[in-house]
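**Q** Okay, sequence plus prediction incoming.
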Amino acid sequence: MKRNLQTFMIAVCLALAVACGKEAREAEGEASPLTITDDRGISVSLQEPAKRVVCLSPEAGEIICALGKQDVLVGVVRECDYPPQLSQLPLVGSFSNPSIESIASLEPDLTVLTGLEQKSFGERLTSWNIPSASFYARSIADLYANIERLGVLLGTQEEAGGLTRELKARFAELKRAGEEAALKYGRRRVFVEISPDPIMTVAEGSFVHELVELVGAVNIAEDMPREYSRIDPEMVISADPQVIIVLHQMADAQTVSARSGFGEISAVVNRRIITDLDPDIILRASPRLIDGGWALFEAIYPEWRDEENN
């Protein structure tokens, strides 16, 4: 019995020693690293929450601020304009042409970028030994994931969880409204124009397409080969959209109506060309996307808003 007691006490002492050693290492800054896998499939690890962040993605900038970490931003690209305070930060170029020298001069412990034109820029950051993480959303679910992963790297997991829960509840409410409107008025055919020359639109595989479907409408360009794709004007004419959403400032309703053959389109005949929506709340996968969803919904189904107000 005495030998068993001695063995037990030795085991307890060893366990305490291991625990104390772990606590000591954590106190000395050897806590478990903050690790995520970014959209390049690269494992990104930080020993502590990022304190100096350069942001090359407007939507990521919005997420960082929504998580209450605007103070860690030390540099942005020109397109990072929301919240407005971001425009006061040092510029490191533009979205399509960031300056790696300017980024390096700010000595960031993390540079946040996205896909599209910035995809290859991540390789340059790696060659300069500048830590980076890439976040490119193709769906609303990706928006939630980006919030959660940025929350890990910024040490704001709790805030990220609260923000995603709030957004999920609000998107669920929008989906219910879209389903009801589709049943009441029929699913309206919609054409979303994001560029006029060449004419470009959104297709399946983009969160904007998902948003159109979520609000109870049909995207006439869903079958295009890429999520953001050129489209032949004849395809728009033959699809006969009931609503045209213009998400740029390079063409007004009159210009769209005057295009060859567009005079026959239902949206043109019925003057349902919408040009006054804020493109940023629809084309950015940021927390403001839910506001963009409601704006899109009310533009497609204006009767819903009128009936709600009566």
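**A** It's in. On a predicted model such as this, the values are computed, not experimentally measured, just so you know. Numbering: from 1, shown residues only.

**Q** For the rest of this, base every contact and every neighbour count on C-alpha atoms.
**A** OK.

**Q** What pLDDT does the model give Asp306?
**A** Listed pLDDT for Asp306 reads 71.

**Q** Check which helix or strand it maps to.
**A** Secondary structure from DSSP states H and E places Asp306 in helix 302-309.

**Q** how far does that helix sit from the chain's center?
**A** The chain centroid and the centroid of helix 302-309 are separated by 29 Å under Cα atoms, centre = their mean, to the nearest Å.

**Q** next one: stretch 117-134
**A** Between the centre of stretch 117-134 and the centre of its chain there are 19 Å (Cα atoms, centre = their mean).

**Q** So what would you say the end-to-end distance of that stretch is?
**A** This stretch, stretch 117-134, spans 12 Å end to end (Cα to Cα, to the nearest Å).

**Q** hang on, the earlier thing: can you pull the buried residues of the helix holding Asp306?
**A** Neighbour-count burial for helix 302-309 flags Trp304 (criterion: 16 or more other Cα atoms under 10 Å).

**Q** Which residues does it contact?
**A** 181, 298 (Cα atoms under 8 Å, 6 or more residues apart in numbering).

**Q** Could I get the CA-only coordinates of it as CSV?
**A** In CSV, the C-alpha atoms belonging to helix 302-309 read as follows (Å, rounded to 0.1, in the frame of the first residue of the first chain):
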residue,chain,number,x,y,z
PRO,A,302,-40.4,47.6,-54.8
GLU,A,303,-44.0,46.5,-54.1
TRP,A,304,-42.8,44.7,-51.1
ARG,A,305,-41.5,47.9,-49.5
ASP,A,306,-44.6,49.8,-50.4
GLU,A,307,-46.8,47.1,-48.8
GLU,A,308,-44.7,46.9,-45.7
ASN,A,309,-45.0,50.7,-45.2
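
**Q** quick one, phi psi at Phe191?
**A** phi -110, psi 130 (degrees, to the nearest 10).

**Q** give me the beta-bridge partners of the closest residue to Thr275 other than its chain neighbours?
**A** Spatial nearest neighbour of Thr275, chain neighbours left out: Val246 (5.0 Å); criterion: Cα to Cα, 6 or more residues apart in numbering. Beta bridges link Val246 to Glu193 when assigned by DSSP bridges.

**Q** roughly how far apart are Val246 and Val152?
**A** Relative to Val152, and taking Cα to Cα, Val246 is found at 36 Å.

**Q** related to what we said a few turns ago, could you check the pLDDT of the residue nearest to Thr275?
**A** 98.

**Q** residues contacting it?
**A** Taking Cα under 8 Å, 6+ apart, we find Val246 in contact with 192-194, 252, 273-275, 277.

**Q** Generate a ChimeraX selection restricted to the buried subset of those residues.
**A** Selecting the buried subset of the contacts of Val246 in ChimeraX, with 16+ other Cα under 10 Å as the burial test, is done by:
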select :192,193,194,273,274,275,277
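
**Q** so which of the contacts of Val246 comes closest to Ala66?
**A** Leu277 (21.9 Å; Cα to Cα).

**Q** and the closest one, which of the three is it?
**A** Following DSSP: H, G, I helix; E, B strand; the rest coil, Leu277 is assigned to coil.

**Q** Start from the N-terminal end of the stretch 151-300 of the chain and give the helices.
**A** Remark: helices assigned in the stretch 151-300 of the chain by DSSP state H, counting those that start in this stretch are 157-185, 207-214, 233-239, 253-257, 266-269, 280-283, 289-300.

**Q** contact partners of the fifth one?
**A** Read that as helix 266-269. Identification of contacts with helix 266-269 by Cα under 8 Å, 6+ apart yields 240-244, 257, 262-263, 273.

**Q** when you check those against the strands, which ones overlap?
**A** If you go by DSSP state E, the contacts of helix 266-269 have 243-244, 273 in strands.

**Q** about what we covered before: among the contacts of helix 266-269, which one has the most neighbours?
**A** When neighbours are taken as other Cα atoms under 10 Å, the top entry among the contacts of helix 266-269 is Ile244 (26 neighbours).

**Q** Spatially nearest residue to Ser132 (excluding sequence neighbours)?
**A** Thr111 (4.5 Å).

**Q** who does the helix or strand where that neighbour lies pair up with?
**A** Per DSSP H and E, Thr111 falls inside strand 110-113. With DSSP bridges as the test, strand 110-113 is paired with strand 53-55 (parallel), strand 132-134 (parallel).

**Q** quick check: mean pLDDT across that strand?
**A** On average, strand 110-113 scores 98.

**Q** which of the residues in it are buried?
**A** 110-113.

**Q** what's the answer for stretch 86-93, then?
**A** Those would be 86-87, 90-93, for stretch 86-93 by 16+ other Cα under 10 Å.
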